[in-house]
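K.L.:
What follows is a predicted structure for the sequence shown.
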Amino acid sequence: MNSQFLIAKLAATATDTAWSQAYSTLNFYVTISVKLDTSAENPPEESLAQIGKELLERLQREYFSLDEKTLESIKTAVSTTVDSVPPSIVYSLVLVTNNASTLYIVTAGEGAVIIKRGEKVGAIATGKKDTVLSFSGPLKNNDLVVVQTQDFSSKIETPLLASLLDSLSVTDISENIAPHLHNDPSGAEAAIILLYTNPEAQTLEEEQGNTDEAEETTDDTREKEEIEPSSTLEKEEEPSTHLSAPLFEDEEKDKQSKRSLSFSGVTNFISILKKNRKQLLGLIIIVLVIGLVGSIFLQTRNKESQQNNEAIAQAVTSAQSAYEEGEALEPLNRPLALEKFTKAQETLTETKNRYPNEKGLDSLNVLLSKVEQKLSQFSSGKKVENGKKLTSASDIDIDDIRTVSIKGGNLFVTDKSHTLVTLSKDGKKDKSFTLDSSSIFDVNANSDFAFVLTNEGVTRVDLGNGSDNQLVDLDNSRQSIDVYGSNIYLLNIKDKMIEKYAPSSYNESDYLSNPLQSPPVSMTIDGSIYVLYDNGKIGKFTKGADDGFTLTGFQGTIGKKSYIYKEEDFSNLYILDTSNQRILVASSNGEVKQEFTWDIFKDAVDFSVDEKNKVIYIVTSQDLYSFSF
């Protein structure tokens, strides 16, 4: 992160038709958005989030591979990046970087950069659709720069934005903008707010100002000795603040105008004071008192600022230690490493919010960026590269797929009503069985039989001769079935209970001594029973007793539409989290070891795992997919 920039980032929540992000690292600031072109005939197969992330990754590779980061080379890197964007995607990308107090801007597609300098606010760069443009200009101390995607600039137009830039605290500004941004967003709004600080320039300006003031006072006094004092004080006309000159224009003319006004004002002021020496003496006393009070105030403020920066330095040291511990633990203990990174983030964020305007935040922001990048790796997972479609519902003569299973060594799927289909491992149809039911909820199996949970109860299908037998008559409050040994276990979501059915009578008994504490959504068995709740938590029960299981080592929460899978001889527990488009792979003690991402997961309705052969099967309502891991 560039230490001369204080930074705040804003991005709207992604939707089905738009995604955006505000990203920064080192001296690299990017706002990016992608949207579906509603007029395009062939929409992309990948999700917008995946397209956007890949676009950002390509941009970083192109940018950081540059030997010399000139404006022209950066523009070429951006052009190379967006060349791969599908024609069905509308993109808005704005890249900003600082080179020796010169701001470089490259836009791809529509987007804008707004600057506030003093009281003036205006656009310094405006992008054009499907075009890469470049801009540059000098920065001045306390320049406030807002880098925007096209949807952000359309939603929060310059007059409104100017009214929200009153404070030099980028945190306050982002808080002012946030309510407007999140009011019915499209999902493609993103912005980065940059406050440029140049301590050397600020000091030079102050010294120059003091020198000019001393020279003017000397000249005015000398002139007044030769000119007859005026009997009245002329009323000076106030200088205009109308924004009429370009923002990057040399401001020497403004300085000369102000100096002329200052000269005339001092002349008249001294003329009056000479008439009344008592008033002059009183004024001197007042000035001395004001100076003393001001000095005390500055000393107090400097002391307070020093204490604040010491607190910031302590927080950075503590967070740096936690970050380094996390890096060392990452290959050994992923959950503990995540805990360390999270602790570092909390320490830095809390300190940043407590002291939003201190100079010591520069080093804090650099470390915070590194911590957030580490945390993002925990949530991004490993993208599935070898996924493939095995078959579709129409290929196996069913309307909609409901379940998939590989348990017992047989691969089969069911539809939503009454059909069970066995398949070869490459997805070719083998046999088809028709059940006396109108709804199928779940299915499980051993090597000889498939046990199908329907709206009528539990039906056992002989996979050899195709005969079926209704084992248990039930209502439709059971939504999940698993088999262990000769026993059948059902998850009763209405009563929040696990029911056990033992042969040969298949009478019901309660596996748990007490109902489940939260609404359950999925169940699996490996000797113990694992239950996934709708709040994303997982319970583990052995002989009906709660083992106090906790899933660790992953970011975020597991969504409500999720599934859990394990078998007796499995080393790992598998969770399909459709809301976050991922599969988590956890050890038996709950430590997440792997995470896979694939946009197919968002539409999944069930999954099954062949751990021995390292294959995972996923079904949507229309297709069967698999990938190796």
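P.N.:
That came through, no problem.
K.L.:
which regions of the stretch 151-300 of the chain lie under the pLDDT threshold?
P.N.:
For the stretch 151-300 of the chain, the stretches with pLDDT under 70 are 168, 199-279.
K.L.:
Assign E62 to helix, strand or coil.
P.N.:
helix (DSSP: H, G, I helix; E, B strand; the rest coil).
K.L.:
can you give me phi and psi for the residue nearest to it when sequence neighbours are not counted?
P.N.:
Nearest in space to E62, with sequence neighbours left out and distances taken as C-beta to C-beta, 6 or more residues apart in numbering, is A77 at 3.8 Å. The way it works is simple: take the backbone N, C-alpha and C, and place the C-beta from them, glycine included. Phi and psi for A77, reported as degrees, to the nearest 10, are phi -60, psi -40.
K.L.:
Please report how far A77 lies from K69.
P.N.:
Per C-beta to C-beta, to the nearest Å, A77 is found 9 Å from K69.
K.L.:
More neighbours: these two, which one.
P.N.:
A77 (22 against 15; other C-beta atoms under 10 Å).
K.L.:
list the contacts for the more buried one?
P.N.:
Applying C-beta atoms under 8 Å, 6 or more residues apart in numbering to A77 gives the contacts L59, E62, Y63, S65, L66.
K.L.:
Dump those residues into a markdown table; add neighbour count as well.
P.N.:
Putting the contacts of A77 into a markdown table (neighbours: other C-beta atoms under 10 Å) gives the following:
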| residue | neighbour count |
| --- | --- |
| L59 | 22 |
| E62 | 17 |
| Y63 | 20 |
| S65 | 8 |
| L66 | 12 |
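K.L.:
What I need now is the residues you listed written out in a markdown table, including distance to K602 and pLDDT for each item.
P.N.:
Listed next are the contacts of A77 as a markdown table, based on distance: C-beta to C-beta, whole Å; pLDDT from 0 to 100:
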| residue | distance to K602 | pLDDT |
| --- | --- | --- |
| L59 | 25 | 93 |
| E62 | 29 | 90 |
| Y63 | 30 | 91 |
| S65 | 33 | 84 |
| L66 | 36 | 87 |
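K.L.:
would you turn these into CSV with distance to G544?
P.N.:
Listed next are those as CSV, based on distance: C-beta to C-beta, whole Å:
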residue, distance to G544
L59, 55
E62, 58
Y63, 58
S65, 59
L66, 63
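K.L.:
just those now: which is nearest L576?
P.N.:
Within the contacts of A77, the smallest distance to L576 is 31.3 Å, found for L59 (C-beta to C-beta).
K.L.:
List the buried residues of the host helix or strand of that closest one.
P.N.:
Using DSSP states H and E, L59 maps to helix 48-64. Buried residues in helix 48-64, counting neighbours by 16 or more other C-beta atoms under 10 Å, are found at 48-53, 55-56, 58-60, 62-63.
K.L.:
on contacts alone, who are the packing partners of that helix?
P.N.:
strand 18-25, strand 28-36, helix 71-82, strand 89-99 (3 or more C-beta pairs under 8 Å, 6 or more residues apart in numbering; DSSP states H and E).
K.L.:
and the angle for it with strand 28-36?
P.N.:
Relative orientation of helix 48-64 versus strand 28-36 (axes from the mean of the first three to the mean of the last three C-alpha atoms, to 10 degrees): 150 degrees.
K.L.:
Point out where this structure drops to low pLDDT.
P.N.:
Within the chain, the stretches with pLDDT under 70 are 1-3, 168, 199-279, 301, 379-380.
K.L.:
from the chain's centre, how far out does the top helix by length along it sit?
P.N.:
Looking across the chain with DSSP state H, the single longest helix is helix 277-329. Relative to its chain's centre, helix 277-329 lies at 34 Å (C-alpha atoms, centre = their mean, to the nearest Å).
K.L.:
Return the list of helices and strands in contact with that helix.
P.N.:
Identification of packing neighbours for helix 277-329 by 3+ C-beta pairs under 8 Å, 6+ apart yields helix 252-275, helix 334-354, helix 361-380.
K.L.:
Now do the contacts for the nearest residue to K116 once chain neighbours are set aside.
P.N.:
Nearest residue to K116 in three dimensions, chain neighbours excluded: L144, at 4.1 Å (C-beta to C-beta, 6+ apart). Counting by C-beta under 8 Å, 6+ apart, L144 makes contact with I115, K116, R117, L165, L168, V170, I173, I193, L194, L195, Y196.
K.L.:
a markdown table for those, including distance to Y501 and neighbour count?
P.N.:
Below are these laid out as a markdown table (distance: C-beta to C-beta, whole Å; neighbours: other C-beta atoms under 10 Å):
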| residue | distance to Y501 | neighbour count |
| --- | --- | --- |
| I115 | 72 | 23 |
| K116 | 71 | 21 |
| R117 | 76 | 20 |
| L165 | 68 | 19 |
| L168 | 70 | 14 |
| V170 | 62 | 23 |
| I173 | 63 | 22 |
| I193 | 62 | 26 |
| L194 | 65 | 25 |
| L195 | 67 | 20 |
| Y196 | 71 | 21 |
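K.L.:
Out of those residues, flag the one nearest to F135.
P.N.:
I115 (11.0 Å).
K.L.:
That closest one: what secondary structure?
P.N.:
Under three-state DSSP, the three-state class of I115 is strand.
K.L.:
Could you pull up the residues touching it?
P.N.:
By C-beta under 8 Å, 6+ apart, the neighbours of I115 are V121, G122, A123, I124, D143, L144, V145, V146, L247.
K.L.:
So which of those residues belong to strands?
P.N.:
Residues of the contacts of I115 located in strands (DSSP state E): V121, G122, A123, I124, L144, V145, V146.
K.L.:
and the two most separated of these?
P.N.:
A123 and L144 (13.3 Å).
K.L.:
Could you count how many residues lie near A545?
P.N.:
Count around A545 with other C-beta under 10 Å applied: 11.
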